[in-house]
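Enquirer: missing the sequence, but the structure's below:
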């Protein structure tokens, strides 16, 4: 088999056609097909003398070689082979391909000839270009200067004549490559360039490979360039209705295989092949601002620049949906957080108000004890003042004794002021604050405040405080109220016992980052579920509202602790709570 190509070997267009032809020809072949390939290069060597020498070359090279098939690719090669087949290849079947259908219909009338006629229409590319650029006023077509190129230009001009009423058709001819590039750089904005495969030689006669000239045309043009052949995608053209050379080669290979299998060309009818496909370069579409949605249906877009939305639309939509859902969730959580914060603030205010009422109630019960505690320093001040007056009336007055009297008065005054200050602090309205508070000091203050009341009721209050300061972060007044409520509850419980068994122990210990506080009484114990005594309005007493222990538990929990009650093994009950140590006091 001999393959005859019209143009030079280096032309990239032939790669796809050659591959399609050979792969189809060799598939399912019962025998090995030996092939020879010739590239006529007729665009550069088109003189009669040159073709005469080429004829002699073929005669000498293939003399005596039993060829079974000749495949001619494109019209120039077909004409060359048909004109010389009697002297070069008498009786050898000929299959042609890559020939326009009107010309192909004429060729199959020749004896022993069949092939592939292609519907490759330049107007389809021009139509899609005008569709994508509806404001275009002119179409520019570069053309060469050789006789063949001029002949093709005349045919093309006649072929595109129906478009003259729509746009101006301008053929750029008789220009050097530099002049052509300059003209392309200065094109008006409403222009389209159509690379119709007509430029091989410039005005100086210099030959340019079609791929090279096309790249230079695209690089210099300030208007979009449309082409004709699929392999041109990537050189800079926008695209168009492009010739699928691989399909033309594969179809020719299938016909050639039938001929090699023994079928006569006359029995194989001409095959008309629609080889054009709408193919576009995504980079050029982006460069010229062409929306892909305006392309013809079924168009192929290659070299498409990456697009997050186009390539990962569903993933983006999913991510957006998740982000929106998260945003809504966060918004709901923020609203809920604000509501909870407002509710917490209201709860704190309500707790402060209830605690204030409870403290004032307790102060009412302790009126006698408070009066007794104030009577002692005030009585001492009175007696010291009377003694001072007596000493001052002596002559001379005993200054040292008077000084001692004044010192005693000052101490008793401080003692009375401290009592009043503690009582005043307990009676004032107060919301929770966080400050460093020594639990041992709070315990001492409350025990001192309640000592007279306990003594009047025959209850012995003892303390066993940890040697180290038990510093926690909390509110001093509210913690005082916890001790006040728990100790009063213990005193009331101890009152049910005989006088010799009325005892109360206040104990503090430090352990594992906490300060443990326990109030242990010697009463009859808790006859109900210990957890129930902290419920609001629960009481076993004949007096009181049953809010003291509930308030104490709320205050402890607000400080990050937990208040529990339990019966002692022998007798009585213990109320116990633990508070976290202040961060700067932790050693574990």
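Expert: It's in. As the structure is a prediction and not an experimental result, all values here were calculated from the model.
Enquirer: for the spatially most central residue of the chain, give its distance to residue 312.
Expert: Relative to the mean C-alpha position of the chain, the nearest C-alpha, by C-alpha atoms, centre = their mean, is the one of residue 319, at 6.5 Å. Relative to residue 312, residue 319 is positioned 9 Å away (criterion: C-beta to C-beta, to the nearest Å). To be clear about C-beta, it is placed using only N, CA and C from the backbone, and glycine gets the same treatment.
Enquirer: the residue lying closest to residue 221 once chain neighbours are set aside is in what secondary structure piece?
Expert: The shortest distance from residue 221 to any residue that is not its chain neighbour, by C-beta to C-beta, 6 or more residues apart in numbering, is 4.2 Å, and that residue is residue 184. Element membership of residue 184, judged by DSSP states H and E, is helix 177-185.
Enquirer: so where do the strands sit in the stretch 251-400 of the chain?
Expert: With DSSP state E, counting those that start in this stretch as the criterion, the stretch 251-400 of the chain has strands at 271-273, 276-281, 300-302.
Enquirer: pull out the buried positions in stretch 148-164.
Expert: 149, 152, 153, 156, 160 (16 or more other C-beta atoms under 10 Å).
Enquirer: got a list of what the second one touches?
Expert: Counting by C-beta atoms under 8 Å, 6 or more residues apart in numbering, residue 152 makes contact with 143, 197, 198.
Enquirer: how near is it to residue 558?
Expert: Distance check for residue 152 against residue 558: by C-beta to C-beta, it reads 97 Å.
Enquirer: next, the closest residue to residue 534 other than its chain neighbours: secondary structure please.
Expert: Distance criterion C-beta to C-beta, 6+ apart; nearest residue to residue 534, sequence neighbours excluded, is residue 553 at 4.5 Å. For residue 553, the secondary structure call by DSSP: H, G, I helix; E, B strand; the rest coil comes out as helix.
Enquirer: so residue 553 touches residue 564, yeah?
Expert: No: in this structure, residue 553 sits apart from residue 564 without contact. The criterion is C-beta atoms under 8 Å, and the distance is 9.0 Å.
Enquirer: circling back: where among the strands of the stretch 251-400 of the chain is the average confidence lowest?
Expert: Taking each of the strands of the stretch 251-400 of the chain in turn, the lowest mean pLDDT turns up on strand 271-273, with a mean of 91.
Enquirer: pull out the buried residues from that strand.
Expert: Buried residues in strand 271-273, counting neighbours by 16+ other C-beta under 10 Å, are found at 271, 273.
Enquirer: rewinding a little: for the buried residues of stretch 148-164, give me JSON lines that also has secondary structure and distance to residue 300.
Expert: What follows is the buried residues of stretch 148-164, written out as JSON lines (DSSP: H, G, I helix; E, B strand; the rest coil; distance: C-beta to C-beta, whole Å):
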{"residue": "149", "secondary structure": "helix", "distance to residue 300": "30"}
{"residue": "152", "secondary structure": "helix", "distance to residue 300": "28"}
{"residue": "153", "secondary structure": "helix", "distance to residue 300": "30"}
{"residue": "156", "secondary structure": "helix", "distance to residue 300": "26"}
{"residue": "160", "secondary structure": "coil", "distance to residue 300": "25"}
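Enquirer: how much space separates residue 508 from residue 515?
Expert: Using C-beta to C-beta, which is the criterion applied here, residue 508 is 6 Å from residue 515.
Enquirer: need the pLDDT of the residue nearest to the centre of the chain.
Expert: Residue 319 carries a pLDDT value of 89.
Enquirer: can you give me the strands in the stretch 1-150 of the chain?
Expert: 2-5, 36-39, 70-73, 94-100, 113-118, 138-142.
Enquirer: how about those strands in JSON lines, adding distance to residue 488?
Expert: Putting these into JSON lines (distance: least, C-beta to C-beta, whole Å) gives the following:
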{"stretch": "strand 2-5", "distance to residue 488": "114"}
{"stretch": "strand 36-39", "distance to residue 488": "115"}
{"stretch": "strand 70-73", "distance to residue 488": "114"}
{"stretch": "strand 94-100", "distance to residue 488": "111"}
{"stretch": "strand 113-118", "distance to residue 488": "109"}
{"stretch": "strand 138-142", "distance to residue 488": "105"}
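Enquirer: most tightly surrounded among these?
Expert: strand 70-73 (a mean of 29; mean count of other C-beta atoms under 10 Å).
Enquirer: so where's this structure uncertain?
Expert: Under the criterion of pLDDT under 70, the regions of the chain flagged as low confidence span 10, 28-31, 345-380, 382-384, 386-388, 395, 408, 412-432, 536-547, 585-588.
Enquirer: and it, what are its domains?
Expert: Taking automatic domain parsing as the criterion, the chain consists of the domains 2-118, 122-242+275-311, 366-428, 433-588.
Enquirer: of the ones you listed, which is nearest residue 332?
Expert: Distances from residue 332 to each of the domains of the chain were compared by C-beta to C-beta, and the smallest falls on domain 433-588, at 26.5 Å.
Enquirer: what about that closest one, distance to the chain center?
Expert: With C-alpha atoms, centre = their mean, to the nearest Å as the basis, domain 433-588 stands 55 Å off its chain's centre.
Enquirer: OK, contacts around residue 157?
Expert: 169, 171.
Enquirer: secondary structure element for it?
Expert: Under the assignment given by DSSP H and E, the secondary-structure element containing residue 157 is helix 147-159.
Enquirer: what sits up against the following helix or strand past that helix?
Expert: Where DSSP H and E defines the elements, the next helix or strand beyond helix 147-159 is strand 168-172. Under the contact criterion C-beta under 8 Å, 6+ apart, strand 168-172 has outside partners 137-143, 153, 157, 160, 163, 180, 183-184.
Enquirer: repeat that for 7 Å
Expert: Contacts of strand 168-172 from elsewhere in the structure, counted by C-beta atoms under 7 Å, 6 or more residues apart in numbering, are 137-143, 153, 157, 160, 163, 180, 183.
Enquirer: got the angle for it vs helix 147-159?
Expert: Relative orientation of strand 168-172 with respect to helix 147-159: 180 degrees, computed using axes from the mean of the first three to the mean of the last three C-alpha atoms, to 10 degrees.
Enquirer: neighbouring strands of strand 168-172 in the sheet, and parallel or not?
Expert: Sheet pairing of strand 168-172 (DSSP bridges) gives strand 138-142 (parallel).
Enquirer: what's next to the partner strand, contact-wise?
Expert: If you take C-beta under 7 Å, 6+ apart as the criterion, strand 138-142 is touched by 126, 167-172, 180, 187, 190-196, 198-199, 217.
Enquirer: what do you get if the cut-off is 8 Å, keeping everything else the same?
Expert: Residues outside strand 138-142 that contact it (C-beta under 8 Å, 6+ apart): 126, 129, 156, 160, 163, 167-172, 175, 180, 184, 187-188, 190-196, 198-199, 213, 217, 223.
Enquirer: what's the answer for stretch 331-343, then?
Expert: Counting by C-beta under 8 Å, 6+ apart, stretch 331-343 has no neighbours from elsewhere in the structure.
Enquirer: start at 8, not 1
Expert: Sure thing, new numbering starts at 8, so read that last one as stretch 338-350.
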